[in-house]
Structure formats: C-alpha cells, structure tokens
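Student: A predicted structure for the sequence below; I have some questions about it.
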Amino acid sequence: MATAPAHGSPTIIDSEADLLPLLDSVSNLPVDHPLLYLDLEGINLGRHGSISILSLHIASTKTTFLIDIHSLGRAAFATANNSGISMKSILESSIVPKVVFDIRNGSDALFSLFQIPVDGIKDLQLMELAHRKHRSYLSDL
C-alpha cells in the first residue's frame, strides 16, 4: 500500500498496484534532458549482496518515490503499465536519461541479481571527477 506523502515526503511503493501510477508518470516524461534521479541501497550492494530500496526522484514534479525492492522482489522491475513500460525497461533505456551518483555497485547488483544492464546513465561522480581533472578537455560533458 502506497503511503500518502506529506508535503515533500517520499511515497513508498511496496505493491505492484502502487507501482503502476509511477510507471505511467515516468512514461510521459520528456527525454531531452535528465529528469530522473535514482539511488540504490542494499546490504552489501553488488553481485553478492542485495538491493533493498530504489529511490527515484522526478525533478519536473519534485516527487520522490522509495520502491521497496525487498518486498516486491522481481516484480519491482517486471511489473509493466498498459504501455509496456516497466522499471526494467526504464533502467535499460538508452533514450531515457537517468542521473546517479556512482552507479558501479548498483549496476553490478542490477545485472547480477535481476539481469538488468543499465543504460542512459549520467554518473555525477564520474562527471565531477572528469571536470575537476580535465576542465579544458571536457566542456561538452
């Protein structure tokens, strides 16, 4: 059951039914610039650990969702809306830009545990490091 958010509070998604409106809202977003910001948390995040929570912030609506991967399991990624959009298809899309800070362990966990190869990722940590080290060479980044 989705928890109704207070102003500025995240919405907790812990059922497939609660996931559908989120998927509908994400499927209608423009893709000309990043609007999705995500983070993965888990125990020993990586191929030998687990994913507990996927945090997803939609910048255009200023809404944050906490998807309970521990409760939903594979359904968190496999559940699709009427348009066929799922978290798996969003994470795998090269067209939908997604901003993450340090995707390394999260990517390892998604691929190893759920067979999801991420694409379209804008890694803030990598961009900041590259900018700091090579300012003059990375003006397009």
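Tutor: Alright, I've got the coordinates.
Student: what ranges do the strands span in this structure?
Tutor: With DSSP state E, the ranges of strands along the chain come out as 11-13, 36-41, 53-58, 63-68, 98-100, 121-123.
Student: Reformat those into TSV and put distance to Asp108 next to each item.
Tutor: Just so you know, the C-beta spots here come from the backbone N, C-alpha and C atoms, and that holds for glycine as well. Shown next, in TSV, are those (distance: least, Cβ to Cβ, whole Å):
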stretch	distance to Asp108
strand 11-13	23
strand 36-41	10
strand 53-58	15
strand 63-68	19
strand 98-100	13
strand 121-123	13
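Student: now for the ones you listed, which one comes closest to Asn82?
Tutor: strand 11-13 (17.7 Å; Cβ to Cβ).
Student: what are the pairing partners of the closest one, and which direction each?
Tutor: If you go by DSSP bridges, strand 11-13 pairs up with strand 63-68 (parallel).
Student: Does Thr64 touch Ile12 like I think?
Tutor: No. Look at Thr64 against Ile12 with Cβ atoms under 8 Å: they stay out of range, at 10.1 Å.
Student: Which one's more surrounded, those two?
Tutor: Ile12 (18 against 15; other Cβ atoms under 10 Å).
Student: Any idea what the more buried one is bridged to?
Tutor: Leu66.
Student: Start the count at 486 instead of 1 going forward.
Tutor: New numbering, starting at 486: the last item is Ile497.
Student: how close does it sit to Leu507?
Tutor: Separation of Ile497 from Leu507 (Cβ to Cβ, to the nearest Å) stands at 11 Å.
Student: list the contacts for Ile588?
Tutor: Val603, Ile606, Asp608 (Cβ atoms under 8 Å, 6 or more residues apart in numbering).
Student: closest to Pro519 among those residues?
Tutor: Ile606 (9.8 Å).
Student: The closest one contacts Phe586, correct?
Tutor: No. Under the criterion of Cβ under 8 Å, Ile606 is not in contact with Phe586, lying 10.6 Å apart.
Student: Looking at the two, which is more packed in?
Tutor: Ile606 (18 against 15).
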